[in-house]
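Q: no FASTA, just this:
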Ligand SMILES: Nc1ncnc2c1ncn2[C@@H]1O[C@H](COP(=O)(O)OP(=O)(O)OP(=O)(O)O)[C@@H](O)[C@H]1O
Ligand SMILES: [Mg+2]
């Protein structure tokens, strides 16, 4: 049964192209009897194109690795020099004094702020993004789906500073009510407890909300693309068993898109973790460890780098580099975890079905 | 548990295009009915109207009546989801759920029906896999992915999945067209056994297969490209293959066109 929807595209199994494996069927080999038979005439099989492509692709691959390694080495050396001059403990100090002598700095508060705001952003954005993506791919009438998809793609391209300004000017005043409500009913959860009810909601929670809205379009756009690639045959299999539309989505669509959903979320998380401007417009930074996420306190690694960079020089800048490396490690860990989850059920991924 | 199907005055459309015109026929319970006819004459389309799968295609609709025993499938307060639980379907290309193990695939329909009891599910899985002649090949790897089976095994897995929910009718759209002769024979044997319990309708392009497995055969044809498909005749398989009443049927079966 042919349907208007394009189901022929292979599902996204994002393997980076590997320059090293441009295997060509070696029918002729380097046989000395060139030109004897048509099988040994390699001038007609485009072998030279292969060679050029192989050189170009493996060459750029190697170049990329070399550049990356050089950057990593540079950053690590600078970071180590700052950490050895550090008076405090880099991991547990909740302070950032790099103008003084001796300097004292640590990532405890800003790493925590980074993680809290990212968790809030993911918890809010991922479910909503999945809902919108499913609506576009499986519920909305074609015309509306197209328009919505276009809007989502457009939103995904909006610069983050725009979200930051919107968050600071519009969202912050409107969050007062939300905060009061959360504090009133969920104060017992500890995280939603406010030390001073009614303060300005320039908090990690508000940052999380801004980040959630910022990463929503990109997660939606990617997951929608994945949901559209679910083979029609699997959906019909579920329907023919007597699945309702929602049951069909649960049995055929979401499991099929699972690894894609995780990848899309990682993409969003990457943006949230590294976001500077949207955080800086909302939050007035402070280096305290505070798990009450509605309180106006905290900072994130990215914001700390942006706000400190201008005033610091020498070891102070190296300290910021060290913080940047921590952000890098966090991203690496999260991505590694996601890869593990995807790989564990690889044989069930349906990517080659 | 098998039911009789009584179709009258059925038209099926894709948007403005009428693919199938004015079909009336009776499918007897506990028998195998084969649909034959040239490509594009609407066999699949008609088959899919029998469990309301036609309408899942955007713009597709159906006119007419399909009585399952005495109930009109297209009646006002009929739930298409309930219809599909009663009338199962096996597709031309094996389509096991790639994200599920063999066992989960067979149990998928039961889960949809709200069966949660582990023991009941295990029993039904074994019964259905035995019913589909697949149990011996997969009993040691029930937790392996269903997509890891061979094409013929996958198709029998899909049959097991369809019969696990104990439907009244089983619709099969060219179930053997992607299979080797041995798997084909296995599925034909299976059809012979399944008809003791189910009403079976099978679409096939293979005349020998229609002659081997079916009790009755329906011949469909279309008068030209862009024209709707029609039912030319339906009769006992023996009669259709030895002495059909319409010349076009004889021409088709003897390979003179189509
Ligand atoms: N999804 C669809 N949208 C529009 N037209 C369709 C669709 N599916 C089938 N058709 C048209 O309906 C007519 C009948 O198609 P159908 O698939 O029922 O034929 P068939 O008899 O099963 O053919 P085959 O033996 O090749 O499977 C054809 O003209 C076909 O082009
Ligand atoms: Mg067909």
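A: Now that the structure is in, tell me what you want to look at. Since the model is a prediction, treat every value here as computed from it, not as a measurement. Residues are numbered from 1 along each chain as shown, chains lettered A, B, ... in the order given. Ligands and ions are numbered 1, 2, ... in the order given.
Q: now residue B:244. Nearest residue, chain neighbours left out?
A: residue B:250 (5.1 Å; C-beta to C-beta, 6 or more residues apart in numbering or on different chains). Quick note: C-beta positions are derived from backbone N, CA and C, even for glycine.
Q: residue of the stretch 101-250 of chain B closest to chain A, please.
A: The minimum distance from the stretch 101-250 of chain B to chain A, using C-beta to the nearest C-beta, falls at residue B:109 (4.2 Å).
Q: which residues sit against the host helix or strand of that residue?
A: Assigned by DSSP states H and E, residue B:109 belongs to helix B:102-112. Residues from elsewhere that reach helix B:102-112 (C-beta atoms under 8 Å, 6 or more residues apart in numbering or on different chains): A:238, A:241-243, A:247, A:251, B:85, B:96-97, B:100, B:115, B:120-121, B:124-125, B:128-129, B:138, B:141-146, B:149, B:157, B:160-162, B:164-165.
Q: okay, the closest residue to chain B within the stretch 51-200 of chain A: pLDDT?
A: In the stretch 51-200 of chain A, the residue that lies nearest chain B is residue A:142 (7.1 Å; C-beta to the nearest C-beta). Listed pLDDT for residue A:142 reads 89.
Q: try residue A:32
A: Taking residue A:32 on its own, its pLDDT is 47.
Q: and the gap between the nearest residue in space to residue B:179 that is not next to it in sequence and ligand 1?
A: What sits nearest to residue B:179 in space, not counting adjacent residues and going by C-beta to C-beta, 6+ apart, is residue B:152, at 4.7 Å. With distances taken as C-beta to the nearest ligand atom, to the nearest Å, residue B:152 is found 20 Å from ligand 1.
Q: next: residue A:334.
A: Using C-beta to the nearest ligand atom, one gets 43 Å for the distance from residue A:334 to ligand 1.
Q: surely that residue is in a helix?
A: Yes. Under DSSP: H, G, I helix; E, B strand; the rest coil, residue A:334 falls within a helix.
Q: list the contacts for it?
A: Contacts of residue A:334 by C-beta under 8 Å, 6+ apart are A:266, A:269, A:273.
Q: going by distance to ligand 1, which of those wins?
A: residue A:266 (36.2 Å; C-beta to the nearest ligand atom).
Q: for the closest one, which non-adjacent residue is closest in space?
A: Counting by C-beta to C-beta, 6+ apart, the residue nearest residue A:266 is residue A:338, at 5.0 Å.
Q: and for residue B:180?
A: residue B:152 (6.3 Å).
Q: ditto for residue A:243
A: Nearest one to residue A:243, counting by C-beta to C-beta, 6+ apart, is residue B:112 at 5.3 Å.
Q: got a pLDDT number for that neighbour?
A: With respect to pLDDT, residue B:112 scores 91.
Q: tell me how many other residues crowd residue A:175.
A: Residues lying near residue A:175 (other C-beta atoms under 10 Å in any protein chain shown) number 22.
Q: next up, the contacts around the residue nearest to residue B:180.
A: If you count contacts by C-beta under 8 Å, 6+ apart, then residue B:152 has B:179, B:180, B:182, B:183, B:184, B:186, B:187 around it.
Q: from those residues, which ones fall inside strands?
A: Assignment to strands by DSSP state E places none of these there.
Q: near chain B, which residues of the stretch 151-300 of chain A?
A: A:231, A:233-234, A:236-244, A:247, A:251-252, A:255-256, A:258 (C-beta under 8 Å from any C-beta of the partner chain).
Q: before we move on, back to that, let's verify the closest residue to the residue of the stretch 51-200 of chain A closest to chain B other than its chain neighbours: helix, strand, or coil?
A: Of all residues beyond its chain neighbours, the one nearest residue A:142 is residue B:58 (7.1 Å), with distances taken as C-beta to C-beta, 6+ apart. Recorded secondary structure, residue B:58: coil (three-state DSSP).
Q: wait, doesn't residue B:58 sit right on residue A:141?
A: No. In this structure residue B:58 lies outside contact range of residue A:141 using C-beta atoms under 8 Å: 9.0 Å.
Q: and those two? Which one has more around it.
A: Neighbour tally, residue B:58 and residue A:141, criterion other C-beta under 10 Å: the higher count belongs to residue B:58, 12 against 8.
Q: now residue B:220: which helix or strand?
A: strand B:216-222.
Q: list of residues touching that strand?
A: Applying C-beta under 8 Å, 6+ apart, the contact partners of strand B:216-222 are B:25, B:27-28, B:31-38, B:40-43, B:46, B:210, B:228-237, B:240-241, B:244, B:246, B:248-249, B:252-253, B:258.
Q: average pLDDT for it?
A: On average, the pLDDT along strand B:216-222 is 95.
Q: which secondary structure elements does whatever helix or strand comes next after that strand sit against?
A: Next helix or strand after strand B:216-222 toward the C-terminus (DSSP H and E): strand B:229-236. Applying 3 or more C-beta pairs under 8 Å, 6 or more residues apart in numbering or on different chains; DSSP states H and E, one finds that strand B:229-236 contacts strand B:17-27, helix B:43-49, strand B:216-222, helix B:247-253.
Q: tell me which of these approaches residue A:297 most closely.
A: helix B:43-49 (61.6 Å; C-beta to C-beta).
Q: beyond that closest one, next helix or strand please.
A: Moving toward the C-terminus from helix B:43-49, the next helix or strand (DSSP H and E) is strand B:60-68.
Q: any idea which element residue A:225 lies in?
A: Assessed by DSSP H and E, residue A:225 sits inside helix A:204-228.
Q: hmm, the next helix or strand after that helix in reach of ligand 1?
A: Per DSSP H and E, the first helix or strand lying C-terminal to helix A:204-228 is helix A:232-240. No. If you take C-beta under 6 Å from any ligand atom as the test, helix A:232-240 misses ligand 1, and the best it gets is 9.6 Å.
Q: mind listing what's buried along the helix or strand that comes right after helix A:232-240?
A: Counting by DSSP H and E, the next helix or strand C-terminal to helix A:232-240 is helix A:245-248. Buried residues in helix A:245-248, defined by neighbour count with 16 or more other C-beta atoms under 10 Å in any protein chain shown: A:245, A:247, A:248.
Q: ditto for stretch A:291-303
A: Buried residues in stretch A:291-303, counted by 16+ other C-beta under 10 Å: A:292, A:293, A:294, A:295, A:296, A:297, A:298, A:299, A:300, A:301, A:302, A:303.
Q: in its sheet, what does the strand holding residue B:220 sit against?
A: As defined by DSSP bridges, the strand partners of strand B:216-222 come to strand B:32-36 (parallel), strand B:229-236 (antiparallel).
Q: coming back round to it: can you tell me which of the buried residues of stretch A:291-303 are in helices?
A: A:301, A:302, A:303 (DSSP state H).
Q: of these, closest to ligand 1?
A: residue A:302 (49.9 Å).
Q: isn't that closest one right up against residue A:277?
A: No. Judged on C-beta under 8 Å, residue A:302 makes no contact with residue A:277 at a distance of 9.2 Å.
Q: which of the contacts of strand B:216-222 are buried, as a PyMOL select command?
A: With 16+ other C-beta under 10 Å as the criterion, this PyMOL line picks the buried residues out of the contacts of strand B:216-222:
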select buried, chain B and resi 25+27+31+32+33+34+35+36+37+41+42+43+46+210+228+229+230+231+232+233+234+235+237+240+241+244+248+249+252+253
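Q: by mean pLDDT, point me to the weakest helix or strand of chain B.
A: Least confident helix or strand, chain B: helix B:181-194 with a mean of 87, by mean pLDDT, DSSP states H and E.
Q: what average pLDDT does stretch A:149-160 get?
A: Stretch A:149-160 comes out with an average pLDDT of 91.
Q: distance from it to the middle of the chain?
A: 16 Å (C-alpha atoms, centre = their mean, to the nearest Å).
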